[in-house]
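Participant: Could you look at this predicted model? Sequence included:
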Amino acid sequence: SPPKGATIPYRPKPASTPVIFSGGQAYTIQGQYAIPHPDLTKLHQLAMQQTPFTPLGQTTSAFPGLDASPPASTHELTIPNDLIGCIIGRQGTKINEIRQMSGAQIKIANAMEGSSERQITITGTPANISLAQYLINARI
């Protein structure tokens, strides 16, 4: 039987504004959008210049040939068909934004006949996958 009354989706509000660093750029999460934040980007770049550690993905001179980046892995999500448009956006703008911000490769399977869900495959480093999952969940 159908549910009674109005369905009101739960949308929790974060305690503070999250900050995401991706591709050398800082973003603050405001509502459902990631807004570039140049002041935090400059602060992050200054902090990275002061750190004695080598950024991930770069080889250290002490260990030539050693790649410090974690290996790529894959994660799969299942999303209801009626919510997939929130993730893709008009002409794919939202999914492309998520791909760019997270650095992950994201593939959305075509709708299967008789199925009410779509399969999303996310490939990248664990950090890329985690960020992509967060951004996808924020769109739902």
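Facilitator: Happy to help now that I have it. Keep in mind that this is a model prediction, so the values were computed, not measured. Numbering: from 1, shown residues only.

Participant: Please export the C-alpha coordinates of stretch 104-117 as PDB.
Facilitator: Below are the C-alpha coordinates for stretch 104-117, written out as PDB (Å, rounded to 0.1, in the frame of the first residue of the first chain):
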ATOM      1  CA  ALA A 104      38.000   9.900  -9.700                       C
ATOM      2  CA  GLN A 105      36.800   8.200 -12.800                       C
ATOM      3  CA  ILE A 106      33.000   7.700 -12.500                       C
ATOM      4  CA  LYS A 107      30.900   5.600 -14.800                       C
ATOM      5  CA  ILE A 108      27.100   5.400 -14.700                       C
ATOM      6  CA  ALA A 109      25.600   2.300 -16.200                       C
ATOM      7  CA  ASN A 110      22.600   2.600 -18.600                       C
ATOM      8  CA  ALA A 111      19.200   1.800 -17.200                       C
ATOM      9  CA  MET A 112      18.400  -1.900 -17.300                       C
ATOM     10  CA  GLU A 113      14.900  -2.900 -18.500                       C
ATOM     11  CA  GLY A 114      12.800  -3.900 -15.500                       C
ATOM     12  CA  SER A 115      15.300  -2.500 -12.900                       C
ATOM     13  CA  SER A 116      14.600   0.500 -10.800                       C
ATOM     14  CA  GLU A 117      18.200   1.200 -10.000                       C
END
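
Participant: So which bits of it are buried?
Facilitator: Across stretch 104-117, burial judged by 16 or more other CB atoms under 10 Å covers 104, 106, 108, 117. For the C-beta atoms, the positions are set from N, CA and C on the backbone; glycine is no exception.

Participant: can you list these in CSV and add distance to residue 31 and pLDDT?
Facilitator: Supplementary listing: the buried residues of stretch 104-117 in CSV, determined by distance: CB to CB, whole Å; pLDDT from 0 to 100:
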residue, distance to residue 31, pLDDT
104, 22, 91
106, 21, 94
108, 23, 93
117, 26, 92
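
Participant: Sort out which one of the residues you listed lies nearest residue 36 for me.
Facilitator: Top of the list for closeness to residue 36, among the buried residues of stretch 104-117 and by CB to CB, is residue 104 at 18.8 Å.

Participant: Surely the closest one touches residue 131?
Facilitator: Yes. Between residue 104 and residue 131 a contact is recorded at 7.1 Å, counting by CB atoms under 8 Å.
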